[in-house]
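Enquirer: dropping the sequence and predicted coords here.
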Amino acid sequence: MKKLFCMTLILLLSFSTLSACRVGKIWYDNSSLKSKSETCAKQIISENLRSPDTAQWHELSYMEHNRGKYIVYVDVSAQNAFGGWVRARYFVCVQFKENDWKSGAFYHHSISDRLEANSKNDLYTLTLLKNLNDYYTDDEDDPAEPASEVDLVLIIICAVAGVAVVAGVAYIFGKMKETKNIEKAILATRKENGDDNTVVTTQDYIDYRKQKEQEKK
């Protein structure tokens, strides 16, 4: 019964540990920002088309992000100044800030926010765009986030739960080892007395422990 209780306790503690360690998503790891980045990239490209009303959007897809900087791939056709159709593909870098992204605000460099690409697999142009927009560098007004009070509490909970799980496992293995030693002692005593019975019952364990307690007294 004690083993079952301990195993149940460990399972509960493990579940609580996993639940506690699932810290809430950071603001820039947000699915709505992915679709928002696509909308913003479309707006950036539209503002630079000669005839935005004629634009045909073949592809508009989020690719990746690092903190608040999102990369979007755009494939668009539109008429030029002479009425001819021109198709172009771009990588666009859209930036968001924690304090105002929910209001629809976004930021971009007017010169280096987009680069024309040969295809979606044009890694050279993609890398160049990232470098021009300091993709892997945190903005001065968007520093690395310190752990919040909630995060610290969750870390403490995880640590306590982890210690409890380890202690629980150690306790169970300790009891298992103790039980095995008692079994060996009982069988050894029986062998000395010429008893070949190798079945050790719960009552045998209880009697053995009582005997040892009496010997200590």
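Expert: Structure's in. What do you need?
Enquirer: hey, let's count contacts and neighbours off CA atoms from now on
Expert: Fine.
Enquirer: okay, now the domains of the chain?
Expert: 1-24+145-217, 31-144 (automatic domain parsing).
Enquirer: average pLDDT for the first one?
Expert: Mean pLDDT, domain 1-24+145-217: 71.
Enquirer: residue ranges for the strands of this structure, please.
Expert: Ranges of strands in the chain, per DSSP state E, are 56-66, 69-79, 85-95, 114-116.
Enquirer: which ones are touching the residue nearest to Cys40 when sequence neighbours are not counted?
Expert: Using CA to CA, 6 or more residues apart in numbering and skipping the chain neighbours, the partner closest in space to Cys40 is Val94 (7.0 Å). Residues near Val94 by CA atoms under 8 Å, 6 or more residues apart in numbering: Ser37, Cys40, Ala41, Lys69, Tyr70, Ile71, Val72, Phe106, Tyr107, His108, Asp113.
Enquirer: top of these by neighbour count?
Expert: In terms of neighbour count, Ala41 stands highest of the contacts of Val94 at 28 neighbours, by other CA atoms under 10 Å.
Enquirer: residue contacts, that residue?
Expert: So Ala41 contacts Val72, Val74, Val92, Cys93, Val94 (CA under 8 Å, 6+ apart).
Enquirer: what about the fourth one, neighbour count?
Expert: Read that as Cys93. By other CA under 10 Å, neighbour count at Cys93 equals 29.
Enquirer: how close does the nearest residue to it once chain neighbours are set aside sit to His65?
Expert: The shortest distance from Cys93 to any non-neighbouring residue, by CA to CA, 6+ apart, is to Ile71 (4.7 Å). Here Ile71 is placed at a distance of 6 Å from His65 (CA to CA, to the nearest Å).
Enquirer: equivalent analysis for Cys158, please.
Expert: Taking CA to CA, one finds Cys158 at 29 Å from His65.
Enquirer: can you get me a residue count around Ala188?
Expert: Neighbours of Ala188 (other CA under 10 Å): 15.
Enquirer: what's the separation between it and Arg67?
Expert: 67 Å.
Enquirer: run a quick neighbour tally on Tyr135.
Expert: Neighbours of Tyr135 (other CA under 10 Å): 21.
Enquirer: much appreciated, bye for now.
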